[in-house]
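> What would the 3D arrangement of this be:
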Amino acid sequence: AIAVASNNLGNTMLTIYRTMKSSQSETMCGLSKVDAIAKGSAYFALSIKLGEEAYDEFYNKQGWSEECLVFMQFLANRYFNRAMFFLNSSCDNESRTEAESLGFRDLQIAMDM
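Next up is the predicted model:
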């Protein structure tokens, strides 16, 4: 449940960031763009970490199965969401080039899954 909530919170941070961009607001819900980027990055990192751990644990117990594929699809979705986050927020990221690189890497990981 923590992994799903973290993924949802990451998506919420992207929505807050994009709303600030489109409305040219400096803050929203007490967050700056930089805050939303930092929090979103942390939420997605936790979501993916927990998802990978759950996948590994399930695979080690059950082996390859349809249920294992479902875990992989959930994990691919998290990588895709994080890619969209990095790519959409890269222009305000402290390291634009790195954010874009990570976004494209996450897209590739999602595609490979």
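> mind listing the helices for this structure?
Ranges of helices in the chain, per DSSP state H, are 2-23, 33-62, 66-89, 96-112.
> Geometric centre of this structure: which residue is closest?
Arg82 (2.6 Å; C-alpha atoms, centre = their mean).
> so where is the chain shaky, pLDDT-wise?
Within the chain, not a single segment meets pLDDT under 70.
> Which residues does stretch 48-62 contact?
With contact meaning C-beta atoms under 8 Å, 6 or more residues apart in numbering, stretch 48-62 is reached by Ile2, Ala3, Ser6, Glu67, Cys68, Phe71, Met72, Phe74, Leu75, Arg78, Tyr79, Arg82. Any C-beta I mention is one placed from the backbone N, CA and C, and that applies to glycine too.
> Flag every buried residue along that stretch.
Ile48, Leu50, Gly51, Tyr55, Phe58 (16 or more other C-beta atoms under 10 Å).
> Convert the C-alpha atoms of it to PDB, please.
As requested, the backbone C-alpha atoms of stretch 48-62 are provided in PDB (Å, rounded to 0.1, in the frame of the first residue of the first chain):
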ATOM      1  CA  ILE A  48       9.900   2.000  -7.400                       C
ATOM      2  CA  LYS A  49      12.200   0.700  -4.700                       C
ATOM      3  CA  LEU A  50       9.300  -1.000  -2.800                       C
ATOM      4  CA  GLY A  51       7.800  -2.300  -6.100                       C
ATOM      5  CA  GLU A  52      11.200  -3.900  -7.100                       C
ATOM      6  CA  GLU A  53      11.500  -5.500  -3.600                       C
ATOM      7  CA  ALA A  54       8.000  -6.900  -3.800                       C
ATOM      8  CA  TYR A  55       8.600  -8.200  -7.300                       C
ATOM      9  CA  ASP A  56      11.900  -9.900  -6.300                       C
ATOM     10  CA  GLU A  57      10.300 -11.400  -3.200                       C
ATOM     11  CA  PHE A  58       7.300 -12.700  -5.200                       C
ATOM     12  CA  TYR A  59       9.500 -14.100  -8.000                       C
ATOM     13  CA  ASN A  60      11.800 -15.900  -5.500                       C
ATOM     14  CA  LYS A  61       8.800 -17.600  -3.900                       C
ATOM     15  CA  GLN A  62       6.600 -18.300  -6.900                       C
END
